[in-house]
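In: Just need the structure, nothing else, for what follows:
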Amino acid sequence: MITIRKIWTEDFETKKGEKGTRLSCQIDTNGKKDVLFLECEKKWS
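Out: You can find the predicted model right below:
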């Protein structure tokens, strides 16, 4: 069974100084906890 927990966003900056946004959520898969994320340019946030 897969359970998707609360989704959150956070801004970040790369080593090159580029700004972006990360959309993340915690997923539980048969008792194993992981974080799933997607990163995009700041303009798409």
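In: And the strands in this structure, which stretches?
Out: 2-13, 19-29, 32-41 (DSSP state E).
In: Turn those into a markdown table, columns for mean pLDDT and mean neighbour count.
Out: C-beta here means a position set from N, CA and C on the backbone, and glycine is covered the same way. Converted to a markdown table, the strands of the chain look like this (pLDDT from 0 to 100; neighbours: other Cβ atoms under 10 Å):
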| stretch | mean pLDDT | mean neighbour count |
| --- | --- | --- |
| strand 2-13 | 93 | 10 |
| strand 19-29 | 94 | 14 |
| strand 32-41 | 93 | 10 |
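In: What backbone torsions are found at Lys16?
Out: phi -80, psi 0 (degrees, to the nearest 10).
In: what about it, how many neighbours?
Out: Neighbours of Lys16 under the rule other Cβ atoms under 10 Å: 5.
In: pLDDT wise, what is it at?
Out: Lys16 carries a pLDDT value of 90.
In: Lys42 too?
Out: 85.
In: Once you drop chain neighbours, what's closest to it?
Out: Among residues not flanking Lys42 along the chain, Lys19 sits closest, at 4.2 Å (Cβ to Cβ, 6 or more residues apart in numbering).
In: what sits opposite the one you found in the beta ladder?
Out: Taking DSSP bridges as the rule, Lys19 bridges to Glu13.
In: repeat for the one 5 residues further on
Out: Ser24 forms beta bridges with Trp8, Phe37, as assigned by DSSP bridges.
In: I'd say it and Lys6 touch.
Out: No. Using Cβ atoms under 8 Å, Ser24 is not in contact with Lys6, being 9.6 Å away.
In: quick one on the thing from earlier: am I right that the residue nearest to Lys42 is in contact with Asp11?
Out: Yes. Look at Lys19 against Asp11 with Cβ under 8 Å: they come within range, at 6.7 Å.
In: In contact with the closest residue to Cys25 other than its chain neighbours: list those residues for me.
Out: Spatial nearest neighbour of Cys25, excluding adjacent residues (Cβ to Cβ, 6+ apart): Ile7 at 4.3 Å. Residues near Ile7 by Cβ atoms under 8 Å, 6 or more residues apart in numbering: 23-25.
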